[in-house]
Each structure stands twice: as structure tokens, then as C-alpha cells.
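[1] Show me the folded form of this:
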Amino acid sequence: MSAAAMPLAGHALRLLLLTEVRLRMRRAGTLAAVLALIVLTWLMVGDPARNQAMIVSDDARVAYTSSCLAMGSAALTGLFFGLAGFYLARGRMGEDVRSGIGAVLAATPLGSGVFLLGRWLGNVAYLCGLLLIFLATMLVLHLLRGEGPIQIGIYLQTYALVLLPLVFFTASAVLLFDAWPPLMGKGGDVLYFLVWIAQLSVGAAATIGHTGWSALLLLDFSGIGAIIGAVQQVLPSKGLIIGGGTFNPAMAAVTLPDHLWSAQTAWTRAGSAALALVPLLPALLLFHRFSPDRVKARAGRRDWSPLALLNGWLRPCARLARPLLALAARVPGLVGHALALLALLLATNPAALAVALVWLVLGCVAGSAQLGAVLIGAVTTWGILASEISVRDIQHDVDALNAAAPGGRLRAYVAQWLAAVLLALVFTAPVLLRWTATAPLRAAALLSGVAALSAAAIVLGGMSRTARLFLALFLFGMYVTTQVRSVPALDVAGFNGVASVPSVLGYLLAAVALLGAGWVAQSRRK
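    The predicted structure is shown next:
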């Protein structure tokens, strides 16, 4: 780049950065994420008066000093932020394609490298902004439950060492998955979820059972391994719990020192941050630059993603949805509308029909002890599909037709929720019938969970105008459900067999509240 072009590139980077931050901060999904961060902050810091603590070492609680709260909150944030941040930041290039601004950007003399760097910096700034909001909430909570003064330097140091590599990796992954056409769709969303699970396991594998340094720590983008190693250096114990647990109130509280980070750990985190930039290279090499032969508007594009190719191979299975279309044409009103949405979803996703048949067969032949595992797979598949129900009309630019149709947007809104519920029943009918006969409470948990999850999918999709907000929260919730099997409130659909009457009623109330909020939002739309 010539000396004369460098000021122009710097000005372009500044404009791209400011534009990205402004557009992302104005999204309804960002507001929902901020509210979720505030709620999560209050939930993650257990009240010692109720025998709960964020970090527990051999049944003794760790005092809520700045070191404890910074380490504990960074550990829990590292678990979910890499997933939620990806889905919140993702999709800007798809929006450029649909709006037509992508063609304008492609025609400018702006280099691809400068453009991608600006997008990456925008991703980093947006994610760091969310972390600053989270930090501010933690400081407020420190005033209420903390022990000792607020040491802002400890918070900033801990968050920088633990979470900045995660921010860099998430921003780089967003850029790669948006720059390469095969990863721009639903298949890319699911693939990243698997990547997220893999990188979480790397940190644990590098720390648990190891006392020395491991090269795997360089791939510990979430910082879980770094935190476990740092805490174990000062609190060697056989019963270390980070993230929340109960303690023995008869034992004295232990205190973490202010300085936990060694030079080796700091250099390791710096190396992890450098490796987090590696996805930028394939992003630059594979960038479509909005070329019409590689990426087109959704209404007319030919998708070459793995999921689209699978749907192409299984196209004959779409015939199974034809009877449902005929039934929808004969059934009047709201139910017919919902059946039509369900038939359209299945007809355009033949792979979903094939997978539904698999889950139906497994639900019939699996033993009683395996039904929970079958249900986890079926509901996970359902959630990936249901996330699109409320945004299909928006993506295909036919949302305005709902206002002109009988019943208007309100009927379309209820029909979308009903279609999501019916889709869940398609995947889970055998399990529901078997539990109705043998475990009525688990059957009730399945129905209430489906009602609440369907309402969340429709409301969050309509509010954010993208499927990714619900998908991020849903996949993270499914991960937590499979890891924490003894809490009734987390047994959303009876997976773990610990659902209780209060938890079932709670999910029913959540479904009603979400549907009511969505109804009000749809009523106010013009």
C-alpha cells in the first residue's frame, strides 16, 4: 500500500468500525443480550446467606473479593460468550446481500483486506462493548454482595487475560463464516456450535490431571483451563468448584490473593490471542466479495452449503409433505394456516423429514432408560428448524403480505407458534405417548417445555429479525441441560427425569408470558 493510500485506508477503517458498532448496538437482539447478561450476572453470583458461593474449595467458600468475583465471572462468561457472541455478531454480510448494499461495496475501490479488517474490528468492538456492560453489572453486584473494596484493576486484568483471546477468536470465526458462502447458512451455525464445544473441552483436557504447562493451553480460547490452573496454584484441593456450588457454613471462608497470574500464563494467553487471528487468513482467501456467481439474495440463490446439498440429495423425501399441504388447504382458519407453515418447512427441508423418521423410529424402539437421550437429539433437531419459522417471511420479503391476509399479523403470529409446536410433536410423538402412559409428569414437562421453547423461538425471531438469537440461547441451554442433570428448573422438556410440578408450571407461565409479549409487539407493528 502506497503512502498516499494509507490515510484513505485509515479513514475507511474508522468509518467501517463506527458503522458496524452503531448498526449492531441498535439491534433488538443486542437489547435482549444485554438484559440476558444482567440476569445471568445476578444468577451466577450465589448468595452466601443461602449457602451458595461462586467458588468452593473443599466445601469451604471463597470470599467474594475482587479476585474471586473477577475469576468466577470470567470463567462463567467464557462458557457462554463464545457461543452467544458468535450468533449475535454473525450475519452482517447476509444483510448486505439482501439489502443490495453488498453490490455497492463490491464496486468500490476499497480493498478486500481493508474491508475485512474493518468488519473484524467492528466485531471486536461490539463484543468488547457487551463485556463492558457485563463488567458494570458485576461491579454493581460487588457493591451488594462483595467483601472488600472494588479493585477495578483486578477486574480489567482478569477479563483482558481470560476473555480477550475469546473475543478475538469469536470475531475471527464470525468473519470466516460470513466470508465463505458454504458457511453462511444454517449449516455454518451448527458447525460452529460443534467447534465451540470442542474448544471448551480443550481447556479442561489441558488442565485436569496436569500440573505443568501444555501446548493445548494455546487453544484454550475460552480461558477455562487458564482459570482452573491459576486457582489450583493457590488453592490446591480435590473438590474445587468454579461456577457455583454449596459450601459448609461451619468452615471459614478462604481468600484468593490479588495477584494470581504468572508471567507464563500471561504469555500463554497472549499466544492464544495470536492464534485466534488465524481464521482471518482463510477468510481473506475465500472472501466472496459479494460476487453474484458465489452469493446471491436468498430469494434466488443456489446454496452450496452442506445442508443445502443434503436437502438436494434427499429431495424425493419432500413428497412426504404433500398430504400435509392438501390437509392444510382443506382445514380453514388458524389451524390450516399453521399446517401450511409446517408443510412448507418440511417440504423445503427434506433432510428434516428424513431425520424426523429416524427420531420417530428410535422413539418407538428405544428402551425406557434411553428415551431421555432420544428426546435430547429430537428436540435439538427441532430447535434448529424452529428457529427459522418466524423469520422466513422476513428473509423472503413477504412479511408485509401477512398484514393484508385475513387475521393480519396477529393470526400469522399465533399460526407460527402453533406450527412450531406441531413440528415438535412430529419429532417427539412416540416419546410423548410412552411417557403419557408410564411417566405423566415427564409428558407434562415435555408439553410445557415445547410450548415455552416455541414461544421463545417465535418471539425472539420476530424481535431480532434473525434466527440466530434464539438459536444461540437454545443451543447453550441444551448444552447446560446435558451437563447439569439434577436441577428441575433446567429439565426443560423432561430430558433428565427430574422435572417437578413447579418447574412444569413455571414453563407454562413462561410460555404464556412470552406469547403475551409477542402479541403486544405484533399489535404495535405498523
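[2] Residue ranges of each domain in the protein, please.
    Using automatic domain parsing, the domain parsing of the chain gives 9-286, 314-524.
[3] What average pLDDT does the first one get?
    Model confidence over domain 9-286, given as mean pLDDT, is 85.
[4] end to end, how far does it reach?
    With Cα to Cα, to the nearest Å as the measure, domain 9-286 spans 21 Å from end to end.
[5] from the chain's centre, how far out does that domain sit?
    When C-alpha coordinates are averaged (Cα atoms, centre = their mean, to the nearest Å), domain 9-286 and its chain have centres 13 Å apart.
[6] Dump the domains of the chain to CSV, plus mean neighbour count and distance to Arg294.
    From N, CA and C alone the C-beta is placed, and that goes for glycine too. Formatted as CSV, those follow (neighbours: other Cβ atoms under 10 Å; distance: least, Cβ to Cβ, whole Å):
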stretch, mean neighbour count, distance to Arg294
domain 9-286, 18, 5
domain 314-524, 19, 19
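[7] Which residue lies nearest the spatial centre of the protein?
    Ala472 (1.7 Å; Cα atoms, centre = their mean).
[8] Now name the helix or strand holding that one.
    Taking DSSP states H and E as the criterion, Ala472 maps to helix 468-483.
[9] what does that helix contact?
    Applying Cβ atoms under 8 Å, 6 or more residues apart in numbering, the contact partners of helix 468-483 are 29, 32-33, 36, 80, 83-84, 86-88, 90-91, 189, 193, 197, 376, 379-380, 383-384, 387, 453, 456-457, 460-461, 463-464, 490-492, 495-496.
[10] Not counting its own residues, what contacts stretch 414-429?
    Residues outside stretch 414-429 that contact it (Cβ under 8 Å, 6+ apart): 334-335, 337-339, 341-342, 345-346, 356, 359-360, 363, 375, 378-379, 381-382, 385-386, 389-390, 432, 446, 450-451, 453-455, 457-458, 515, 518.
[11] any idea which helix is longest in the chain?
    Ranked by number of residues, the top helix in the chain under DSSP state H is helix 112-145.
[12] counting contacts, what elements does the host helix or strand of Pro502 pack onto?
    Element membership of Pro502 [criterion: DSSP H and E] is helix 501-524. Judged by 3 or more Cβ pairs under 8 Å, 6 or more residues apart in numbering; DSSP states H and E, the packing partners of helix 501-524 are helix 408-438, helix 440-464.
[13] For that helix, give the mean pLDDT please.
    If you average the pLDDT values across helix 501-524, you get 90.
[14] residues making contact with it?
    Contact with helix 501-524 is made by 409-410, 413, 417, 441, 444-445, 448-449, 451-452, 454-456, 458-459, 462-463, 488-489, 491-492, as judged by Cβ under 8 Å, 6+ apart.
[15] Spatially, what comes nearest to the residue nearest to the centre of the chain if we skip its sequence neighbours?
    Nearest residue to Ala472 in three dimensions, chain neighbours excluded: Tyr87, at 3.5 Å (Cβ to Cβ, 6 or more residues apart in numbering).
[16] Tell me if that neighbour really is in a helix.
    Yes - counting by DSSP: H, G, I helix; E, B strand; the rest coil, Tyr87 is found in a helix.
[17] That one and Phe177, how far apart?
    Distance from Tyr87 to Phe177, counting by Cβ to Cβ, to the nearest Å: 10 Å.
[18] Ok, Trp261 next?
    Counting by Cβ to Cβ, the gap from Trp261 to Phe177 is 32 Å.
[19] what inclination does the helix holding Pro502 have with respect to helix 408-438?
    170 degrees (axes from the mean of the first three to the mean of the last three Cα atoms, to 10 degrees).
[20] centre of the chain versus helix 501-524, how much separation?
    The answer for helix 501-524 is 21 Å, by Cα atoms, centre = their mean.
[21] Next: stretch 486-498.
    20 Å.
[22] Go ahead and name everything in contact with it.
    372, 375-376, 379, 435, 439, 441-446, 449-450, 452-453, 477, 480-482, 484-485, 499-500, 502-503, 506-507.
[23] Dump the helix holding Pro502 to PDB, restricted to CA.
    Provided in PDB are the C-alpha atoms of helix 501-524 (Å, rounded to 0.1, in the frame of the first residue of the first chain):
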ATOM      1  CA  VAL A 501     -44.700 -29.800  39.300                       C
ATOM      2  CA  PRO A 502     -43.400 -26.200  40.000                       C
ATOM      3  CA  SER A 503     -40.900 -26.500  37.000                       C
ATOM      4  CA  VAL A 504     -43.700 -27.600  34.700                       C
ATOM      5  CA  LEU A 505     -46.000 -24.800  35.800                       C
ATOM      6  CA  GLY A 506     -43.100 -22.400  35.500                       C
ATOM      7  CA  TYR A 507     -42.500 -23.200  31.900                       C
ATOM      8  CA  LEU A 508     -46.300 -22.900  31.200                       C
ATOM      9  CA  LEU A 509     -46.200 -19.500  32.700                       C
ATOM     10  CA  ALA A 510     -43.200 -18.600  30.700                       C
ATOM     11  CA  ALA A 511     -45.000 -19.700  27.500                       C
ATOM     12  CA  VAL A 512     -48.000 -17.500  28.400                       C
ATOM     13  CA  ALA A 513     -45.800 -14.500  29.200                       C
ATOM     14  CA  LEU A 514     -43.700 -14.800  26.000                       C
ATOM     15  CA  LEU A 515     -46.800 -15.200  23.900                       C
ATOM     16  CA  GLY A 516     -48.400 -12.200  25.500                       C
ATOM     17  CA  ALA A 517     -45.300 -10.100  25.000                       C
ATOM     18  CA  GLY A 518     -45.100 -11.200  21.300                       C
ATOM     19  CA  TRP A 519     -48.900 -10.400  20.900                       C
ATOM     20  CA  VAL A 520     -48.300  -6.900  22.200                       C
ATOM     21  CA  ALA A 521     -45.300  -6.400  19.900                       C
ATOM     22  CA  GLN A 522     -47.200  -7.600  16.900                       C
ATOM     23  CA  SER A 523     -50.200  -5.300  17.800                       C
ATOM     24  CA  ARG A 524     -48.000  -2.300  17.800                       C
END
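[24] Where does the closest residue to Ala347 other than its chain neighbours sit: helix, strand or coil?
    Using Cβ to Cβ, 6+ apart and skipping the chain neighbours, the partner closest in space to Ala347 is Ala321 (4.1 Å). Here Ala321 is recorded as helix under three-state DSSP.
[25] how much space between Ala321 and Gly29?
    Applying Cβ to Cβ, the value for Ala321 to Gly29 is 31 Å.
[26] Backbone torsions only: list them for the closest residue to Thr438 other than its chain neighbours.
    Excluding its sequence neighbours, the residue lying closest to Thr438 (Cβ to Cβ, 6+ apart) is Ser368, at 6.9 Å. Per-residue torsions, Ser368: phi -60, psi -40 (degrees, to the nearest 10).
[27] Quick one: low-confidence residue ranges for the stretch 251-400 of the chain.
    For the stretch 251-400 of the chain, the stretches flagged by pLDDT under 70 are 296-310, 397.
[28] what packs against the helix or strand encompassing Ala274?
    When elements are assigned from DSSP H and E, Ala274 belongs to helix 263-275. Applying 3+ Cβ pairs under 8 Å, 6+ apart, one finds that helix 263-275 contacts helix 152-179, helix 224-234.
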